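>>> Build the 3D model from these lines:
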Amino acid sequence: MSYDASGGFRLTDIRHAHSHLMYFGWVTPVLFALIAGVVQAHLQRDLDRRIRWIIGATFIAALLAYPFFLLYGYRPVDLGVVSMPLSVIAASLNMLVWYAFIIWYARWTRDLERTFSLSLFDLSLAFLFLSTLGAWGLAFLQPLGLESHVWSASLTHFFLDLFSEGWMVLAVLGVAYSHLAPTASGRGWGIVLVAIGLPLMFMLGMPGSLVDDTMRIVARGGAALAGVGLLALTAPLLWRLPVGRERWLWGLPLGLLALKLVAQILASLPPDLWWEISHLRVFYMHLLLLGVVSLGLVGCAAGLWGTATVRGWRWFFGAAVLILASLLPVAGYGAGLLSTIISPLVFATWVAPVPVLAAGWMLYAGLLTRNRHRTA
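Numbering: from 1, shown residues only. I've put the predicted structure just below:
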């Protein structure tokens, strides 16, 4: 984007490949492993090997989908006399693996007492299932003759919002509760508000020109309910932050989530404010997916498997904060001051690889630690 050199690929296709790989290949298999770890702790016995196959299949399906999104996006591909949407087919394989995990989870937890963690997992997996209905709907728009900007935008954001705001955020909170508040029980009114509001919130992501007045009111109401509910679920965890070095492991992602939720509630109140600040959309997505979810997964891994599994996490956390800071000038905040030194977009470009380098260091440090344990 900065140097007008996309390597022959369309920028839209690069974005689709990037986001789908993040959703399918980074967050989802790690959450599956974390949820399985919490279930194992509840059962106090080893799980069957099928969960390993499911998690492995999640990685494989995500890698299969990546090149098709990168090359073709959502466009159908001519194969002889047949035109097939290869990326949609590959994405469908991912959803079948998700269904396998949902079935596995339901079987292994059906006799367990519903702690707060399990209640959050129940709702997060329900949203994961509901999100797939939006994806299936996109696949059937053309065969059903329902292609339109409204249908396409509605189903796309129904999938994306329930997947990100529902499945990912609630699952991270579920793992956090298992570590920071393991004795919490029941479902709580916050879960009820999220269950009611989140399915209505997806319309906020649609272009303002496609949303009529009634839809705007419903969307803002859903965003307010979901925001209040999630804030009610997040606040008790902020009060239970551990002391010492682990405080930042949990405090930063949970603090960023609270910040995001307060902004969401405020933006849902004045008429049309959400659509007026659409230039913050890129910053908002990275705040949620990088600052909250990705950092949250690192904290969850440390809580469940020990801090030795996330050696070098400080570098990754610092890199994520640097990314968020670099995106504010791109959105127009502080751009004038930065522009005297460097273009905001160029600055963001050179900052972008930093989390990748930090993650690479974490991987190396983790492998080094494992080899030392094997030698010992």
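
>>> If you tally nearby residues, what's the number for residue 170?
Residues near residue 170, counting by other CB atoms under 10 Å, number 26. In this view, the C-beta of every residue, glycine as well, is placed from N, C-alpha and C.

>>> That one and residue 118, how far apart?
Distance of residue 170 to residue 118, computed by CB to CB, to the nearest Å: 12 Å.

>>> cool, residue 306 as well?
Applying CB to CB to residue 306 and residue 118 gives a distance of 22 Å.

>>> Other residues contacting stretch 234-252?
By CB atoms under 8 Å, 6 or more residues apart in numbering, the residues outside stretch 234-252 that reach it are 173, 176-177, 180-181, 184, 254-255, 257-258, 261, 291, 295, 298-299, 302-303, 307, 310, 313-314, 317, 321.

>>> let's see it at 6 Å
Applying CB atoms under 6 Å, 6 or more residues apart in numbering, the contact partners of stretch 234-252 are 176, 180-181, 254, 257-258, 295, 299, 302, 317.

>>> try stretch 85-97
Applying CB under 6 Å, 6+ apart, the contact partners of stretch 85-97 are 24, 57-58, 61, 64-65, 68-69, 72, 76-77, 132, 139.

>>> Which strands or helices does the helix or strand harbouring residue 13 pack on?
Assigned by DSSP states H and E, residue 13 belongs to helix 11-21. With contacts taken as 3 or more CB pairs under 6 Å, 6 or more residues apart in numbering; DSSP states H and E, helix 11-21 sits against helix 50-72.

>>> tell me, how many neighbours does residue 363 end up with?
By the criterion of other CB under 10 Å, residue 363 has 12 neighbours.

>>> chain center to whichever helix or strand it is part of, what's the gap?
Using DSSP H and E, residue 363 sits in helix 354-375. Its chain's C-alpha centre and that of helix 354-375 lie 23 Å apart, by CA atoms, centre = their mean, to the nearest Å.

>>> list the helices and strands that helix packs on?
Helix 354-375 sits against helix 313-330, with contacts defined as 3+ CB pairs under 6 Å, 6+ apart.

>>> Okay, buried residues for the biggest helix by length in the chain please.
Among the segments of the chain that qualify as a helix by DSSP state H, the longest is helix 116-144. Across helix 116-144, burial judged by 16 or more other CB atoms under 10 Å covers 116-128, 130-132, 134-135, 137-139.

>>> circling back to that earlier point, list the buried residues in the helix holding residue 13.
For helix 11-21, a neighbour-count test (16+ other CB under 10 Å) marks 13-14, 16-17, 20-21 as buried.

>>> same deal with stretch 175-182?
Neighbour counts using 16+ other CB under 10 Å place 175-181 of stretch 175-182 among the buried residues.

>>> Residue ranges in the stretch 51-200 of the chain under the pLDDT threshold?
Regions of the stretch 51-200 of the chain meeting the criterion pLDDT under 70 cover residues 142-148, 185-187.

>>> mind showing which ranges of the stretch 201-350 of the chain have poor pLDDT?
Within the stretch 201-350 of the chain, the ranges that satisfy pLDDT under 70 run 208, 271-279.
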